[in-house]
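Mind folding the following:
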Amino acid sequence: MDAPVIVIRNEGGLYVVTVEPEHPSYPPQSFGSHKVAYGTAGGMRLVTGWKRIDLTEQAVTQSQQAAHRLGAEDG
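Residues are numbered from 1 along each chain as shown. The predicted structure is shown next:
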């Protein structure tokens, strides 16, 4: 059986942290900011060792910015 994963999603203006598949020790949690949700998921990752997956727009934007910075350094 695969280990659970910690997932961050943007749902209706809130950032929701869930464990998939569901785990009784870690119910879904909602936050008003990406920073707090990401930090909470990071703490869960440190405690459990489970992978953290960020499916929010912020994650995509941060990845694009990092790729742009790397591309600028190569040129």
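
Low-confidence stretches in the protein?
Screening the chain residue by residue with the criterion pLDDT under 70, one finds the ranges 1, 60, 62-66, 68, 72-75.

check contacts around the spatially most central residue of the chain.
The geometric centre of the chain, computed from its C-alpha atoms, lies nearest to D54 (Cα atoms, centre = their mean), at 3.0 Å. Listed by Cβ atoms under 8 Å, 6 or more residues apart in numbering, the contact partners of D54 are 8, 38, 41. Where C-beta positions appear, they are placed from N, C-alpha and C, glycine not excepted.

repeat that for 6 Å
With contact set as Cβ atoms under 6 Å, 6 or more residues apart in numbering, D54 has these partners: I8.

in stretch 47-64, what counts as buried?
Within stretch 47-64, the residues scored as buried using 16 or more other Cβ atoms under 10 Å are 48, 50, 52, 54, 56, 58.

How about the contacts made by the second one?
Listed by Cβ under 6 Å, 6+ apart, the contact set of W50 reads 3-6.
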